[in-house]
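**Student:** What shape does this take:
(4 chains)
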There are 2 protein chains.
Amino acid sequence: MLERHELEAFLTLAEELHFGRTAERLHVSTARVSQTVAKLERRVGALLFNRTSRRVELSLVGRQLYEEIRPAWSQITAAFERAVDSGRGLTGVLRVAFNGPAAGQLLVGVTQLFRDRHPDCDVQIREANPSDVLPWLRAGEVDLALACHPVREEDVVMGPVLVREARMLAVPAGHSFARRATLSVGDLERVTVLQHPETSCAPTAMTVNELLTLVGAGEGVGVVGAHTRRYFARPDLAYVPFENAEPVEWGLLWRSDGATARVRAFGDAALEVAQG
Amino acid sequence: MLERHELEAFLTLAEELHFGRTAERLHVSTARVSQTVAKLERRVGALLFNRTSRRVELSLVGRQLYEEIRPAWSQITAAFERAVDSGRGLTGVLRVAFNGPAAGQLLVGVTQLFRDRHPDCDVQIREANPSDVLPWLRAGEVDLALACHPVREEDVVMGPVLVREARMLAVPAGHSFARRATLSVGDLERVTVLQHPETSCAPTAMTVNELLTLVGAGEGVGVVGAHTRRYFARPDLAYVPFENAEPVEWGLLWRSDGATARVRAFGDAALEVAQG
DNA sequence: ATGTCTTACGGAAGACGTAATAATA
DNA sequence: TATTATTACGTCTTCCGTAAGACAT
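**Tutor:** Numbers count the residues shown, from 1 in each chain, chains lettered A, B, ... in the order given. Next comes the predicted model:
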């Protein structure tokens, strides 16, 4: 008595706190989520969520239940995944997200190696905007993402660093910094730094192109990785390296409860390609 | 993807290793168990059980899966039970097994107190043969059992001792021991001791009456608790106390993953009745 | 030959989506 | 008024038991 679909509806709603998004993640209608949760609450005998048509939040019993069953259910799904993997070897689909042409190019090589080794496992690559990466991972829309480290989230694991590149500043072509050979981090205090999703949690630009356009328009400057200079050379911009900044590091991300054999095997392939 | 009914069919079959008993525990037909497991195996891509129509045993992947999933699922069901308890207070049914008239009499008092405190929770009492106690607990047919301590099983928990009584020996009326005021444990070496389910794992008598009948027929002697003398006084038997034996101890037993609020509340009531 | 697992098939339960409704900010 | 949760209802999947079959001892 506590069906899988009820469990997942409850867990997902507890995370999303929104019937629409929950339904989307579960690929069902919002009506179904509502009815499923309502039925569960009737059986428990108490509201699991306090909600109006505008806000959803966990009740006390709901929170307690969530905390107790979330890790256990992750364990079960992971164990099942492992059983499938050892049952049929590496099969199924592995969905990988990336952001930016440099990451894409790296993934091409990794994917070739992976497909070579595991021909029965399908690999699907999707480009993501930086702000999509974590939501996609959390929703299970992708199993892996190649993104900028560091991501400090409890439910997401970072793999080893695959690429390290110099941190550079994108400035308008006419800016005084454009004539400098190098910059120091201290120089940033004298200019407006536009936030960029790869390096910040509160972005003003959702994509690299948006950021660079803003910089070109003189709205400010932007911190980017060295690859940007190669892939996004523009007449209205100049890129100047820092002399004392930490490098930008790229690596794979996956959900901490999503470390399936597929994910681990892809991580192995990625590390080999990056090192070789 | 791993429905509750599949999970329970798998876990139960892994414990019973028998489709018929599994079906019985799950209250479904054996055909259903067979189809459910078969479907699960198709999805995993490997046999979970090696079986003929005569023998069922866990495969390697099956064993791995069982060990990883068993504790997690227990956690989930227990958490759900707790949610229901805190949601509607103590409701539902509590099924308690006991063995022997003395235990039954104690349970009458405990049940009265429990019903007084938790009028919304139904209590069902069933008498069990000593050999039924553990199977019934494991199958979830009862939530609690009042039985002889000690039971040393990993999946069964013993509550505190509720009753302590002298250990006595049942002997034929004409036996030389029948004229003794007391016996020592050493005396047992000179006679045939019939095993009794309450005190042994390899019984020759399934019930107390069977044991006493055998003793009366001169087949041997039997070790029993003092209450037996009161409830099973027979002309063909004599009961003689030991002077140096450990007392017989009675207490409640429940499944280690079945410590619901109902079970705990009944345990509390039992302890109060036994002490008061 | 008997007990046990599996296959075949018809019926019922309930999970699902669409569309209309209620409620909140 | 717009957004979001809930209710109503018809469809369809699939879970289920019965009964017959296959298999091993």
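**Student:** all contacts plus neighbour counts: C-alpha atoms, from now on.
**Tutor:** Fine.
**Student:** distance of the residue nearest to residue A:91 when sequence neighbours are not counted from residue B:218?
**Tutor:** Nearest residue to residue A:91 in three dimensions, chain neighbours excluded: residue A:121, at 4.1 Å (Cα to Cα, 6 or more residues apart in numbering or on different chains). Residue A:121 sits 73 Å away from residue B:218, going by Cα to Cα, to the nearest Å.
**Student:** repeat for residue A:89
**Tutor:** Residue A:89 is 65 Å from residue B:218, where distance means Cα to Cα.
**Student:** which residues in the stretch 101-250 of chain A form strands?
**Tutor:** A:121-127, A:144-148, A:156-165, A:167-172, A:193-194, A:221-225, A:237-241, A:248-255 (DSSP state E, counting those that start in this stretch).
**Student:** other SSEs contacting the longest one?
**Tutor:** Read it as strand A:156-165. strand A:248-255, helix A:261-275 (3 or more Cα pairs under 8 Å, 6 or more residues apart in numbering or on different chains; DSSP states H and E).
**Student:** distance from the centroid: which residue in chain A tops it?
**Tutor:** Here chain A reaches farthest from its C-alpha mean at residue A:45, the gap being 37.4 Å by Cα atoms, centre = their mean.
**Student:** How much space separates it from DNA strand C?
**Tutor:** The gap separating residue A:45 from DNA strand C is 17 Å, by Cα to the nearest atom of the strand, to the nearest Å.
**Student:** Contact partners for that residue?
**Tutor:** Neighbour list for residue A:45: B:84, B:87-88 [criterion: Cα atoms under 8 Å, 6 or more residues apart in numbering or on different chains].
**Student:** Also residue A:34?
**Tutor:** Residues near residue A:34 by Cα under 8 Å, 6+ apart: residue A:19.
**Student:** Report the secondary structure state of it.
**Tutor:** At residue A:34, secondary structure determined by DSSP: H, G, I helix; E, B strand; the rest coil is helix.
**Student:** rewinding a little: just say which of the helices and strands packed on strand A:156-165 is most tucked in.
**Tutor:** Comparing those by mean neighbour count (mean count of other Cα atoms under 10 Å in any protein chain shown), strand A:248-255 comes out on top with a mean of 23.
**Student:** Can you list the strands that it pairs with?
**Tutor:** strand A:144-148 (antiparallel), strand A:156-165 (antiparallel) (DSSP bridges).
**Student:** Could you dump those strands into JSON lines and include distance to residue A:128, mean neighbour count and mean pLDDT?
**Tutor:** JSON lines is the format used below for the strands paired with strand A:248-255 (distance: least, Cα to Cα, whole Å; neighbours: other Cα atoms under 10 Å in any protein chain shown; pLDDT from 0 to 100):
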{"stretch": "strand A:144-148", "distance to residue A:128": "9", "mean neighbour count": "25", "mean pLDDT": "91"}
{"stretch": "strand A:156-165", "distance to residue A:128": "17", "mean neighbour count": "17", "mean pLDDT": "92"}
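**Student:** would you turn those strands into a markdown table with distance to residue A:181?
**Tutor:** Below are those laid out as a markdown table (distance: least, Cα to Cα, whole Å):
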| stretch | distance to residue A:181 |
| --- | --- |
| strand A:144-148 | 25 |
| strand A:156-165 | 17 |
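**Student:** Which of those strands sits closest to residue B:52?
**Tutor:** Using Cα to Cα as the criterion, the shortest distance between residue B:52 and the strands paired with strand A:248-255 is 41.7 Å, found for strand A:144-148.
**Student:** which residues sit against the closest one?
**Tutor:** Against strand A:144-148 from outside (Cα under 8 Å, 6+ apart): A:94-99, A:103, A:130, A:133, A:137, A:198-199, A:248-255, A:263.
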